[in-house]
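*Asks:* sequence? don't have it. structure:
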């Protein structure tokens, strides 16, 4: 059987970007911190766009440790959700506009999250990338790294465990 | 010790991000601190339920732990987080303010050990707990 012709690049990009946008921009707290995501294929990089209101120590100055923790956690949850949903987004089963409205689309819940603070967060943009160590039926383990000017010099890293969305129990 | 309590309160209230979240330092002293945060729709993590994002709770816990360290009688001045672990027990009830309490239960010349709990109106079952290690600065 002949292989079906690949979709035009623009169609693929538009579908992926619309799904990612819905996933990220639908959450008020992610907008509050002004976290955005860069996408290359299925790989995501979280970007914490610097603003004065993110400062935790005005004398240094440095980004608030809680903001760093939240940035790592947001990057972990979005990356985990993205990787879990990616096949269904690609197949067209999940449409961008359904991501936050369809009750059957659920997100992983954080069980615990640990942050190592390696250096103080400088008053400028920060980047983070998450790696899914294991994603099972019920639980997932995710590691996240965050850096600023130099990728080799992480300013924080974290590990979290997540409860995966459970399929609804059959009635009756 | 009164001076340090005043100093710690001024320090916390001068933090731009604490202002952005609307944090109130309701009690501080002797290695213990309490911070409250009113419900705010900008901090929602799940738009379908209106539950506050865990990240905002983490920030409260981190700030509260730092305040507890600074208020400890043996702490000479500032502090920074070395590591912090947060356990999320349940979603905070939408519409309710969140309260965190932190205790600096041990301190050395270099390291402070802290535990904290976050609750909403239901004070019996915690929303989240935290435990962490903090630096001891300015000795």
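*Replies:* Sure thing, it's come through. This one's a predicted model, so the numbers in the text were calculated from it and none came from an experiment.
*Asks:* pull the longest helix from chain B.
*Replies:* Determined from DSSP state H, the single longest helix within chain B is helix B:54-70.
*Asks:* revised request: answer the last question for chain A.
*Replies:* Taking DSSP H as the criterion, chain A has its longest helix at helix A:65-90.
*Asks:* what angle do helix B:54-70 and it make with each other?
*Replies:* For helix A:65-90 against helix B:54-70, the angle by axes from the mean of the first three to the mean of the last three Cα atoms, to 10 degrees is 160 degrees.
*Asks:* residue A:54 against residue A:67, yeah?
*Replies:* Yes: Residue A:54 lies in contact with residue A:67 (Cβ atoms under 8 Å); the separation is 4.9 Å. To be clear about C-beta, it is placed using only N, CA and C from the backbone, and glycine gets the same treatment.
*Asks:* need the residues touching each of those two.
*Replies:* Residues touching both residue A:54 and residue A:67 (Cβ atoms under 8 Å, 6 or more residues apart in numbering or on different chains): A:33, A:48, B:17.
*Asks:* tell me who's in contact with the second one.
*Replies:* Listed by Cβ under 8 Å, 6+ apart, the contact set of residue A:48 reads A:33, A:34, A:35, A:54, A:63, A:67, A:71, A:125, A:126, A:127, A:128, A:146.
*Asks:* how about residues contacting the helix or strand where the last one lies?
*Replies:* Using DSSP states H and E, the element containing residue A:146 is strand A:139-147. Strand A:139-147 has contacts (Cβ under 8 Å, 6+ apart) with A:46, A:48, A:68, A:71-73, A:75-76, A:79-80, A:108, A:111, A:126-135, A:153-164.
*Asks:* would you map the strands across the chain?
*Replies:* Picked chain A for this. Counting by DSSP state E, chain A has strands at residues A:35-40, A:43-48, A:55-57, A:62-63, A:109-117, A:126-135, A:139-147, A:154-163.
*Asks:* hm, I was asking about chain B
*Replies:* Taking DSSP E as the test, the strands found in chain B are B:24-29, B:32-37, B:44-46, B:51-52, B:81-88, B:98-107, B:111-119, B:128-135.
*Asks:* touching chain A at all, the last one?
*Replies:* No: remark: strand B:128-135 sits outside contact range of chain A, by Cβ under 8 Å from any Cβ of the partner chain, the gap being at least 8.7 Å.
*Asks:* each with direction, which strands does that strand pair with?
*Replies:* According to DSSP bridges, strand B:128-135 forms sheet pairs with strand B:81-88 (antiparallel), strand B:111-119 (antiparallel).
*Asks:* now tabulate these in CSV and tack on mean pLDDT and mean neighbour count.
*Replies:* Putting these into CSV (pLDDT from 0 to 100; neighbours: other Cβ atoms under 10 Å in any protein chain shown) gives the following:
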stretch, mean pLDDT, mean neighbour count
strand B:81-88, 97, 21
strand B:111-119, 98, 21
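*Asks:* for these, give me TSV that also has distance to residue B:37.
*Replies:* Shown next, in TSV, are the strands paired with strand B:128-135 (distance: least, Cβ to Cβ, whole Å):
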stretch	distance to residue B:37
strand B:81-88	15
strand B:111-119	9
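*Asks:* which among those strands is found nearest to residue A:88?
*Replies:* The minimum distance between residue A:88 and those falls on strand B:81-88, with 26.1 Å, by Cβ to Cβ.
*Asks:* circling back to that earlier point, out of the strands of chain B, nearest to residue B:67?
*Replies:* Closest to residue B:67 of those is strand B:32-37 (Cβ to Cβ; 3.8 Å).
*Asks:* ok, back up a step: quick one: the longest helix of chain B near chain A?
*Replies:* Yes: looking at helix B:54-70 against chain A by Cβ under 8 Å from any Cβ, the contacts come from B:54, B:55, B:56, B:58, B:59, B:60, B:61, B:62, B:63, B:66.
*Asks:* report the distance from stretch A:34-41 to the chain centre.
*Replies:* Computed by Cα atoms, centre = their mean, to the nearest Å, the separation of stretch A:34-41 from the middle of its chain amounts to 8 Å.
*Asks:* now swap in stretch B:50-60 and tell me
*Replies:* 12 Å.
*Asks:* do the same with stretch A:24-31
*Replies:* 11 Å.
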